[in-house]
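need a 3D model of the sequence below.
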Amino acid sequence: MTDARRPAPPAGAACPARSDRAPHRLAPGGPGRAAADARLREAGAVVPVLLPGDVPAVAVTRHAALREMLAHPEVAKNACHFTALHDGTVPSGWPLSTFATVDGMTTADGADHRRLRGLVTQVFTARRVAALRPRVAELTAGLLDALPRAADADGTVELRRHFAYPLPMGVICELLGVDPALRDRLHALSNLIVGTTGTPAEVQAANREITAVLGQVAEARRAEPGDDLTSALLAAQEEDGGRLSARELVGTLLLMIIAGHETTLNLITNAVRALCTGREQLELVRAGRATWDDVVEETLRHDSPVAHFPFRYPVRDLEIGGTLVPRGTPMLASYSAAGRDPEAYGPDADRFEVTRRPATRHLGFGHGPHYCLGAPLARLEATVALEALFTRYPALDLAVPDAELPAHPSFIGNSTHVLPVRLTG
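All right, here's what the predicted structure looks like:
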């Protein structure tokens with residue numbers, strides 16, 4: 001609503017991002033995620049928000065505006081453009097600073113981004129990912145074999161912990177050459193970093209520890225190189241005078257660990273939840289009217305594994321989605337909100353529909369130069385996991401009402417914190 005003390009902007013003019021609207025305070029996930037996303041969309045395509053520490057930002061909430069922002073040549077990823085980070089506005093020890101300051105492709109632009117991305121692109125080609133299918137199927141089968149042994153006395157299994165997490169974590173750690181003994185600790189630390197409820201001290205400690213652990217991983221691979229991505233990155237670091245700094249190496253490993261399992265963990269969890277609460281959609285797949293690929297794509301749209309991903313920054317005062325965003329403002333890519341945008345997906349955008357054939361493709365893996373490199377691997381893991389799970393346990397269902405599932409404590413990740421199921425009816 002336009003402030004009564006100010007004249008309304010002329011038709012077609014860009015609206016300011018902040019002064020005309022009170023900012024929304026982003027809260028960790030909750031049972032009302034879809035309703036909160038709807039309120040953000042209704043507030044505008046680009047909405048003022050407050051991050052922890054009362055740091056002002058904007059969330060890009062509608063499909064068209066998000067697509068525009070993700071590919072805009074004057075929207076940067078490097079935190080040198082983050083005004084509040086350099087003028088003293090951001091408090092010391094800010095919990096979200098990792099997303100701004102980690103050295104790696106997620107915070108690089110231009111030639112630096114192409115250099116860093118090029119070092120890992122070879123691992124995630126469609127051909128190399130397809131070659132991983134037998135190993136993914138093998139790991140999946142082993143986890144399915146173990147599920148009955150993980151059940152409580154009443155037959156309940158926490159599927160997120162015993163299936164959705166260890167599959168992508170096992171795959172990415174094998175790709176990186178990480179000792180299996182480190183996996184659970186790396187998961188716990190990445191949860192602290194991605195979560196948005198930790199204290200500054202807790203998050204700083206997690207950042208220090210995960211940096212140290214990944215440094216140890218690098219040293220182990222330096223001493224005994226193998227056929228893994230870490231060894232390949234170390235080789236690149238040493239050739240041509242060093243194309244990869246020590247900080248960039250650790251930053252790249254950090255990105256691979258977090259993005260390589262947290263998002264796929266959420267994707268599998270969200271898909272199982274959607275199929276259990278919409279059994280008719282599962283029956284469409286079983287009847288051959290939809291595929292497991294369709295399930296994964298619709299989950300990415302309907303219940304994105306990522307809610308609000310930080311950060312991007314306009315390099316000048318810039319109009320995005322009809323809103324003027326001041327230079328240096330941190331911008332969040334609000335994937336979960338944009339995924340249910342009625343302007344892109346129609347009046348039934350809130351419905352999970354595996355036979356949906358939208359004219360507009362979802363943005364679940366991003367768009368533009370920073371499109372997710374791991375998308376083919378995530379799709380492979382999720383389709384293999386879901387098909388095998390519901391084939392082995394066709395009567396699998398939620399053990400508690402859907403409304404009682406606690407949300408993951410983060411406004412970055414989007415999923416439930418646990419997923420208790422019963423394997424048989």
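
give the rounded mean pLDDT of stretch 329-344.
Averaged over stretch 329-344, pLDDT sits at 97.

ends of it, what's the gap?
Stretch 329-344 has an end-to-end distance of 26 Å (Cα to Cα, to the nearest Å).

what's the closest non-adjacent residue to the residue nearest in space to the middle of the chain?
Nearest to the mean C-alpha position of the chain, by Cα atoms, centre = their mean, lies V306 at 3.8 Å. Leaving aside its sequence neighbours, V306 sits nearest to Y335 (Cβ to Cβ, 6 or more residues apart in numbering; 4.9 Å). All C-beta atoms are positioned from the backbone trio N, CA, C, and that covers glycine.

same deal with T252?
Per Cβ to Cβ, 6+ apart, closest to T252 is G104, 4.9 Å.

same check, this time on E202
Using Cβ to Cβ, 6+ apart, the closest residue to E202 is L192 (6.1 Å).

what do you get for G413?
Nearest one to G413, counting by Cβ to Cβ, 6+ apart, is V194 at 5.3 Å.

now do the contacts for S190.
I210, I257, I258, H261, E262 (Cβ atoms under 8 Å, 6 or more residues apart in numbering).

average pLDDT for the helix or strand harbouring A274?
If you go by DSSP states H and E, A274 is part of helix 246-277. If you average the pLDDT over helix 246-277, you get 92.

ok, then the element right after that helix?
helix 279-286.

what residues of that following helix count as buried?
For helix 279-286, the buried set under the neighbour-count rule, 16 or more other Cβ atoms under 10 Å, comprises Q281, L282, L284, V285.

just the helices in the stretch 51-200 of the chain please.
Ranges of helices within the stretch 51-200 of the chain are 63-71, 83-86, 97-101, 110-121, 126-130, 133-146, 159, 166-176, 183-194, 200-223, based on DSSP state H, counting those that start in this stretch.

give me whichever of those helices is most buried.
Counting by mean count of other Cβ atoms under 10 Å, helix 159 has the highest mean neighbour count of the helices of the stretch 51-200 of the chain, with a mean of 28.

just give me the neighbour total for P409.
When neighbours are defined as other Cβ atoms under 10 Å, P409 has 17 of them.

that one looks like it's in a strand, true?
No. Read with DSSP: H, G, I helix; E, B strand; the rest coil, P409 is coil and lies in no strand.

so where's the protein uncertain?
1-21, 28-31, 239-243, 359, 425 (pLDDT under 70).

ok, now with 80
Scanning the chain for pLDDT under 80 picks out 1-22, 27-32, 122-126, 195-198, 236-244, 358-360, 425.

now do the same contact list for I320.
So I320 contacts A45, V46, V60, A65, E68, M69, H72, V75, P314, M331 (Cβ under 8 Å, 6+ apart).

same check, this time on G278
So G278 contacts F352 (Cβ under 8 Å, 6+ apart).

how close does it get to L398?
Remark: distance between G278 and L398 (Cβ to Cβ, to the nearest Å) = 12 Å.

quick check: A151 touching V157?
Yes. Counting by Cβ atoms under 8 Å, V157 is a contact partner of A151 at 4.8 Å.

more crowded one of these two?
V157 (23 against 17).

show me what the more buried one bridges to in the sheet.
V421 (DSSP bridges).

wait, isn't it in contact with R422?
Yes. Between V157 and R422 there is a contact at 7.4 Å, judged by Cβ under 8 Å.

got a winner among the contacts of I320 for most neighbours?
Neighbour max across these (other Cβ under 10 Å) = V60, 31 neighbours.

can I assume Y313 sits in a helix?
No. Applying three-state DSSP, one finds Y313 to be strand, outside a helix.

next, work out how far apart the nearest residue in space to it that is not next to it in sequence and L332 are.
Spatial nearest neighbour of Y313, excluding adjacent residues (Cβ to Cβ, 6+ apart): H81 at 3.9 Å. Separation of H81 from L332 (Cβ to Cβ): 15 Å.

and G368, by the same measure?
If you go by Cβ to Cβ, the gap between G368 and L332 works out to 16 Å.

higher neighbour count, those two?
Taking other Cβ under 10 Å, G368 and L332 do not tie; L332 has more neighbours (28 against 14).
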